[in-house]
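>>> coords please:
(one chain, ligands or ions: 1)
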Amino acid sequence: MTKSPRIVRTLADLRAALHPHRLAGERIGFVPTMGALHDGHMSLVQRAQAACGISVVSIFVNPTQFAPGEDLDVYPRTEAADLARLAEVGCDLVYLPSVGEMYPEGSRTDVRVNGLSDLLDGIHRPHFFYGVATVVARLFIHVQPDVAVFGEKDYQQLQVIRRMVRDLGFAIEIVGAPTWRDADGLAQSSRNTYLDREDRRTAGAINQVLHRAACRLAAGRSGEEVLREARATLERAGFERVDYVALVDPDSLEALAPGPLQRGQAARLLVAAWLGQTRLIDNMDGSRRV
Ligand code: PAF
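Coordinates of the predicted model:
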């Protein structure tokens, strides 16, 4: 059964649309997106719906998280298809702000989550998490949700947002939802549409490499050796450049010592690698449980 969501494009209309629901004491669940929605996004919307009476999705391709020369101009914009998908899952409200609505003329306020934003992806895309934190903070202020859902596929982004929410005292519960994968294990991403057929075939290797690395860590192999093998396997599979393969503390994202993990030690494996012009990221629990 489909139900067209209400569409609002300005902050004033958003506030007016949400006001009666707030007065009625309904909880608001929010999923921020940049559009080009896929099944993974739909799973986030369903998480928000399970937690709250009202579901809000924003679609905004945020210019401040793209560096000059990145794919801002060609990033897929598929508004009609996105709205149809959101109708299928019964989303209540879609917020489609303009750049001017999110960044009013003369805007001078940024949000920087220092440290966490400067590791891993932050080394390769130094502007990225500052743009993400700034737009997500603004969206949180616009929507004022009770719950916001983010995919674990963007694990570092999730940790940056958790820290921002804690540091700034936003009264918002952040929910991390499991990565949605294709049959071969490739994490769903709007940028997967950039992959040509051959690269798409290769792309599944990234998840297999993470699985194998997690098994070897669980078996007590040294982190250094496991990461070296994972990098070499990706390069052999056809990834032209591997930005990083890392084993980190799941909260601080600091690199763990190179030896074997202690029994019961929590860890996260993360990877970023290039196929042609497409940069893929993925991550997996790398904890040693026993
Ligand atoms: O993950 C994304 O799609 C974006 O980084 C987000 C959180 C919507 C901010 O623009």
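>>> Near whatever residue of the stretch 51-200 of the chain ends up closest to the ligand, how many residues? Count them for me, please.
Here the stretch 51-200 of the chain gets closest to the ligand at one residue, Asn62, 4.0 Å apart by Cβ to the nearest ligand atom. Yep, even glycine has a C-beta here, placed from its N, CA and C like the rest. When neighbours are counted by other Cβ atoms under 10 Å, Asn62 registers 21.
>>> Do a quick rundown of the strands in the stretch 101-250 of the chain.
Under the criterion DSSP state E, counting those that start in this stretch, strands of the stretch 101-250 of the chain are mapped to 147-151, 173-177, 241-248.
>>> Would you mind getting the angle between the first one and strand 173-177?
Here strand 147-151 points in a direction 30 degrees away from that of strand 173-177 (axes from the mean of the first three to the mean of the last three Cα atoms, to 10 degrees).
>>> Does anything pack onto strand 147-151? Which helices or strands?
When contacts are defined as 3 or more Cβ pairs under 8 Å, 6 or more residues apart in numbering; DSSP states H and E, strand 147-151 sits against strand 28-33, helix 39-51, helix 155-168, strand 173-177.
>>> can we see that at 6 Å?
strand 28-33, helix 39-51, strand 173-177 (3 or more Cβ pairs under 6 Å, 6 or more residues apart in numbering; DSSP states H and E).
>>> Relative to it, what are the paired strands and their orientations?
Next to strand 147-151 in the sheet, as set by DSSP bridges, lie strand 28-33 (parallel), strand 173-177 (parallel).
>>> among those strands, which is the most enclosed?
Of all these, strand 28-33 has the most neighbours on average by mean count of other Cβ atoms under 10 Å, namely a mean of 26.
>>> Give me the residues contacting that strand.
Applying Cβ atoms under 6 Å, 6 or more residues apart in numbering, the contact partners of strand 28-33 are 41, 44-45, 48, 51-52, 54-59, 139, 143, 145-149.
>>> three-state assignment of Ser58?
Recorded secondary structure, Ser58: strand (DSSP: H, G, I helix; E, B strand; the rest coil).
>>> coming back round to it: to Leu158, which of the helices and strands packed on strand 147-151 lies closest?
Closest approach to Leu158 among those (Cβ to Cβ): strand 173-177, 5.0 Å.
>>> tell me the angle the closest one makes with helix 155-168.
Here the directions of strand 173-177 and helix 155-168 differ by 170 degrees (the same axes, to 10 degrees).
>>> How far away from the center of its chain is strand 173-177?
Computed by Cα atoms, centre = their mean, to the nearest Å, the separation of strand 173-177 from the middle of its chain amounts to 11 Å.
>>> ok, back up a step: kindly reformat the strands paired with strand 147-151 as TSV and extend each row with mean pLDDT and distance to the ligand.
Converted to TSV, these look like this (pLDDT from 0 to 100; distance: least, Cβ to the nearest ligand atom, whole Å):
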stretch	mean pLDDT	distance to the ligand
strand 28-33	98	4
strand 173-177	98	11
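>>> which residues sit in contact with Ala87?
Thr2, Ser4.
>>> Which residues in the strand or helix carrying it does the neighbour count mark as buried?
For Ala87, the element it lies in under DSSP states H and E is helix 79-88. The neighbour-count check on helix 79-88 (16 or more other Cβ atoms under 10 Å) flags Asp82, Leu83, Arg85, Leu86 as buried.
>>> same thing with stretch 281-290?
For stretch 281-290, burial by neighbour count (16+ other Cβ under 10 Å) applies to Ile281, Asp282, Asn283, Met284, Asp285, Gly286, Ser287, Arg288.
>>> State the mean pLDDT of that stretch.
Averaging pLDDT along stretch 281-290 yields 94.
>>> Quick check: closest non-adjacent residue to Ala218.
Nearest non-adjacent residue to Ala218, counting by Cβ to Cβ, 6 or more residues apart in numbering: Arg288, 5.5 Å away.
>>> same question, Pro250
Per Cβ to Cβ, 6+ apart, closest to Pro250 is Arg268, 4.4 Å.
>>> ok, now Ala246?
Leu270 (5.0 Å).
>>> Could you measure from the one you found over to Asp243?
Distance, Leu270 to Asp243, using Cβ to Cβ, to the nearest Å: 10 Å.
>>> who has more neighbours, these two?
Higher neighbour count among Leu270 and Asp243: Leu270, with 22 against 18, using other Cβ under 10 Å.
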